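**Q** please work out how this folds:
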Amino acid sequence: MNRRGFVRSSIAAAVTASLPLDRALSTILGPSATVDADINAFTGDGAEITLKRAAVQELGDSLRGNLLLPGHEAYEAARHVINASIDKHPALIVQPSGVTDIRNAVDFARESSLLTAVKCGGHSHSGKSTCNGGMMIDLSTFRSVHVDRKAKIAHVSGGSLLGDMDHETMSLGLVTTAGTVSHTGVGGLTLGGGFGRVARRFGLSLDNVRGFEIVTPDGRYRRANAMENPELYWGLRGGGGNFGVVTSFEFQLHEMQREVIGGMIGFPAEQARQVLQFYAEYGPEAPDELALDMVMFNIPTGSIITLAICYSGEHKKADAILNKIRSAGTPVMDTVGAVDYVTLQKRGDVSDPRAIGSYTKSGFSTELTPAFIDAIVSGYEAREGRNTTFAFQQCGGAISRVASDATAFPHRDINYVPLLIIDWPINADASEHIAWLRAYWKTIEPHIQGFYTNDLIDETQEQVNRNYLGNYPRLKALKNKYDPTNLFRLNANVIPTGS
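**A** Residues are numbered from 1 along each chain as shown. Predicted coordinates:
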């Protein structure tokens with residue numbers, strides 16, 4: 001799940017409807033740039049290097065897709081990511097049209113020891129899908145979804161967005177877990193975990209992957225599944241982008257009716273403690289078909305605490321569930337009703353994030369204790385000039401019925417994913433907002449464990465290593481095998497021995 005979008009979807013539902021945004025195709029322009037000079041660049045270790053004009057031109061000539069350089073018409077749009085506070089300038093951008101382009105780009109990056117970023121939807125909050133002075137492999141031109149209805153399998157190209165997949169699968173009455181924001185990239189979401197509105201029912205996105213196709217750092221094209229390269233298959237399900245560029249995903253699909261019960265029930269901020277206490281008590285007993293997320297945020301008239309609902313079970317059982325949820329307090333807002341699942345999935349789409357900067361912290365929690373609730377409510381502060389949001393995504397269900405070492409993602413005992421986020425106008429001074437959030441988060445940290453690698457922002461390397469729990473040694477062995485020079489390091493990095 002892209003939970004910043006989840007937060008924005010909640011705010012949008014409360015105050016105004018967001019407009020869908022599909023940025024991914026905005027950079028499909030051509031032709032590739034002509035290389036008329038050597039290019040200054042950086043290696044992954046930060047050393048300055050010069051990329052010779054002839055070598056870069058050879059790379060561009062080898063592509064069916066685009067090579068973008070600073071000054072090229074499409075470069076400016078391609079270099080940006082969703083978080084407007086990230087402003088980086090790659091030395092060159094490759095927009096591949098197929099696997100061969102990706103292999104050529106990876107070979108070029110490896111031979112030059114070039115700092116390398118991979119961008120799909122651009123939702124990496126810390127900006128790890130872009131870089132300064134390196135190569136960005138921008139997968140926005142590499143999108144397709146093919147559904148095998150009989151086998152209930154979706155074949156999804158590596159640059160596809162969640163909305164691409166939802167559109168194709170739900171038209172056939174099928175679904176798989178796919179976040180909450182339609183312009184999130186399938187790749188980043190899935191490789192790190194993949195929470196979503198049906199995860200409690202069908203498992204994480206990565207739990208539903210039956211196979212990968214990937215270009216590894218040596219430039220080779222490989223398949224990874226239960227029978228072929230099974231150890232790599234294990235590591236890709238939670239190891240993030242550490243092992244190369246995934247060119248295709250094979251997702252298991254599930255039968256589900258298209259119409260679900262969805263929306264939000266809002267309560268006065270003064271009732272935050274009792275709503276959170278209800279959430280703590282009801283969450284563990286809720287049916288798998290219910291996704292019940294909490295969002296507390298400020299709006300122009302004050303603050304509000306909401307419970308966001310997606311119920312995909314039998315509609316005849318919905319009324320009893322909704323009545324239970326409404327009993328959490330005195331509702332002041334209620335938008336719950338029958339809704340098309342694909343429409344619900346788009347409610348978190350950001351209409352135009354370019355004017356918004358943001359900073360976030362997240363973690364995992366097994367229990368919402370009274371002390372945790374007190375820390376949330378006591379420290380929360382709404383202030384003019386910024387959006388302050390505290391959210392929980394509900395876990396458990398099918399997510400928890402997978403062993404911690406069955407995939408590289410080890411956090412199977414969690415019941416909640418807390419998220420704290422601040423948005424501010426991009427032209428405002430961010431330092432005060434970030435300082436406040438860090439201070440508030442210090443009061444939250446005693447109640448959480450680990451963090452979601454897709455929300456990695458400023459964690460230390462020690463925290464990253466520890467976050468993989470008992471799976472870290474196995475991941476390091478895989479990194480040593482497939483990426484011994486750490487070409488793919490802009491992620492929740494597993495550092496190979498000797499690097």
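
**Q** can I assume residue 382 sits in a helix?
**A** No - assigned with DSSP: H, G, I helix; E, B strand; the rest coil, residue 382 falls outside any helix and is coil.

**Q** contact partners for it?
**A** For residue 382, the contacting residues are 297, 298, 302, 303, 388, by Cβ atoms under 8 Å, 6 or more residues apart in numbering. Where C-beta positions appear, they are placed from N, C-alpha and C, glycine not excepted.

**Q** list buried residues within the residues you listed.
**A** Neighbour-count burial (16 or more other Cβ atoms under 10 Å) is assigned, among the contacts of residue 382, to 297, 298, 303, 388.

**Q** quick one: what helix or strand has the first one in it?
**A** Spelled out, that is residue 297. Using DSSP states H and E, the element containing residue 297 is strand 290-299.

**Q** and the very next helix or strand once past that strand, what's buried?
**A** Scanning forward in sequence from strand 290-299 by DSSP H and E, the next helix or strand is strand 302-311. Within strand 302-311, the residues scored as buried using 16+ other Cβ under 10 Å are 303, 304, 305, 306, 307, 308, 309, 310, 311.

**Q** quick one: distance of strand 302-311 to the chain centre.
**A** A distance of 21 Å separates the centroid of the chain from that of strand 302-311, by Cα atoms, centre = their mean, to the nearest Å.

**Q** again with stretch 421-440
**A** When distances are taken as Cα atoms, centre = their mean, stretch 421-440 is centred 21 Å away from the chain's centroid.

**Q** hmm, who's touching that stretch?
**A** Stretch 421-440 is contacted by residues 4, 7, 84-85, 354-361, 379-381, 385-389, 391, 420 when judged by Cβ under 8 Å, 6+ apart.

**Q** of the residues you listed, grab the buried ones for PyMOL.
**A** A single PyMOL command selects the buried members of these (16+ other Cβ under 10 Å):
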select buried, resi 4+7+84+85+356+357+358+359+360+361+379+380+386+387+388+389+391+420
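
**Q** can you put the contacts of residue 382 in TSV and add distance to residue 464?
**A** TSV is the format used below for those (distance: Cβ to Cβ, whole Å):
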residue	distance to residue 464
297	29
298	32
302	38
303	34
388	27
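
**Q** need those residues in TSV (columns: distance to residue 290 and pLDDT).
**A** Listed next are the contacts of residue 382 as TSV, based on distance: Cβ to Cβ, whole Å; pLDDT from 0 to 100:
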residue	distance to residue 290	pLDDT
297	22	90
298	27	85
302	28	76
303	25	88
388	27	89
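
**Q** grab the two from these that are most spread out in space.
**A** Farthest-apart pair in the contacts of residue 382 is 302 and 388; separation 11.9 Å (Cβ to Cβ).

**Q** quick one: the helices in the stretch 301-450 of the chain?
**A** Along the stretch 301-450 of the chain, the stretches classed as helices by DSSP state H, counting those that start in this stretch are 318-326, 341-346, 370-379, 431-444.

**Q** among those helices, which is nearest residue 34?
**A** Of all those, helix 341-346 sits nearest to residue 34, with 39.2 Å by Cβ to Cβ.
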